[in-house]
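Colleague: could you work out the structure for the sequence below:
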Amino acid sequence: MSNEIKTVIKEENNSKQPVIIQIIPELGPGGAEQGCIDMASELVKAKARAIVISNGGNRISDLLRNGGEYIKMPVHSKNPLVMLLNIFRIRRVIKKFNADIVHVRSRAPAWSALFACKNTKAYYMATCHAPYNIAHKIKRFYNSSIMRAEKIIAISHHVENYIKSNYNIDDSKITMIHRGIDITRFNPSAVTAERLVTQEKKWRIPDGASVIMMPGRITRWKGHSVLIKAMALINNPDIFCVLIGSDQGRSEYSKELHALIKEYNLENRVRIIDHCSDMPAAYMLSTVIVSASTDPEGFGRIPVEAQAMGKPIVATDHGGAKETIIRGETGWLIPPNDPESLASSINEALFMNDEQRAMLASRAINNVETNLTKDIMADKTMAVYTELLKDKYSNNE
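Modeller: Model prediction:
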């Protein structure tokens, strides 16, 4: 598929280099940002020009390292005046680079991109990364910037159903493409003993302890408090829990979690760690992985990464996790906000014998390799780009 996008242009337009612009508020650590970087890399491999517009972020170097190009613009802003000015800024970029497609991954910049593309030759497309809140008409209208795209990518069937249930959109405009992960990075055999030792020292894990790990930014709906309560129910001094994630300024919620840990006398068994630079090693050190989100996630990369590393995953039974975990084969799916069910499932995972653990690992890794890799995501997204470009150049004949 990487070569097809180039072939379309070559056949139809005298070898014009395809130009795809992606727009995202910031290039930070999230899944949407990773998908943006992954697609830029894939476009460069296909001999296309990959431009990313964002307001900054600590992942810019990753984009540039893979051959992508970066333009700084305040597309993170929800200020109406800034959004209005962004229309003209984005339009200038479209015309300067003779862009073919503008692919937006967030609602505020989507409004600017929608109007910037008008009266240009660029297609406007979007990825819907979550079932956005539509509690009132203003929210529904605000979300519709994504829904007005000529092509919409939904990152799960859960998100696809949300779009179809709440917006009057022709099915032909929507393509469901699961996110994918890099299985060369999230690969058990790629993690060296030295990396494990380094990570173990950072965590100060007690000798012989089993580790329950929950990655995810420190925000209320991620369900950290549910896991803390489950740890109190497990009540085993040999079980050690690590919560990995930044509170991103949500200091009040972080304080609540520390108070809850103290309330349940778990200071020696539960630790909150702000950052981990080697997540594959963190997975390998862990015995069970938890994703306890109280609200449905659009996709949720933690269950997928855990399976790729061959680790037992316990996740809440809603959102994207229902599509990425094979119930009873690669992990456990439990009711949200239910510490008792979470504690019970963690115990089941902890007490698997070696044969059961090996079988689960094999099924989990196969599930990811077959359905949820970065390459699969990239190929399917490139197919959407190619479809748009075919339409564009056939219409110009």
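
Colleague: every contact and neighbour count from this point should use C-alpha atoms.
Modeller: OK.

Colleague: quick one: the helices in the stretch 251-397 of the chain?
Modeller: Listed from the start of the chain, the stretch 251-397 of the chain has helices (DSSP state H, counting those that start in this stretch) covering 251-263, 279-285, 301-308, 321-324, 339-350, 354-371, 374-395.

Colleague: compare those and give me the one nearest residue 153.
Modeller: Of all these, helix 374-395 sits nearest to residue 153, with 8.2 Å by C-alpha to C-alpha.

Colleague: can you name the element that comes right after the host helix or strand of residue 146?
Modeller: Applying DSSP states H and E as the criterion places residue 146 in helix 137-147. Sequence-wise, the next helix or strand downstream of helix 137-147 (DSSP H and E) is strand 151-154.

Colleague: what lines up beside that next one in the sheet?
Modeller: Next to strand 151-154 in the sheet, as set by DSSP bridges, lie strand 123-128 (parallel), strand 174-176 (parallel).

Colleague: most tightly packed of these?
Modeller: Using mean count of other C-alpha atoms under 10 Å, the stretch among those with the greatest mean number of neighbours is strand 123-128 (a mean of 25).

Colleague: mind checking how far that one is from the chain centre?
Modeller: Remark: strand 123-128 is offset 17 Å from the chain centroid, using C-alpha atoms, centre = their mean, to the nearest Å.

Colleague: just want the angle from it to helix 137-147.
Modeller: 120 degrees (axes from the mean of the first three to the mean of the last three C-alpha atoms, to 10 degrees).

Colleague: where does the prediction get shaky in this protein?
Modeller: Along the chain, the parts satisfying pLDDT under 70 run over 1-15, 392-397.

Colleague: please parse it into its domains.
Modeller: Here the domain parsing of the chain from automatic domain parsing is 2-180+373-395, 188-371.

Colleague: contacts only, for residue 122.
Modeller: Contact analysis of residue 122 by C-alpha atoms under 8 Å, 6 or more residues apart in numbering lists 94, 98-102.

Colleague: how about the helices of the stretch 251-397 of the chain, which one is nearest residue 84?
Modeller: helix 374-395 (26.5 Å).

Colleague: tilt between the closest one and helix 354-371?
Modeller: Going by the same axes, to 10 degrees, helix 374-395 makes 10 degrees with helix 354-371.

Colleague: buried stuff in helix 374-395?
Modeller: Neighbour-count burial for helix 374-395, counted by 16 or more other C-alpha atoms under 10 Å, picks out 374-386, 388-390, 392.
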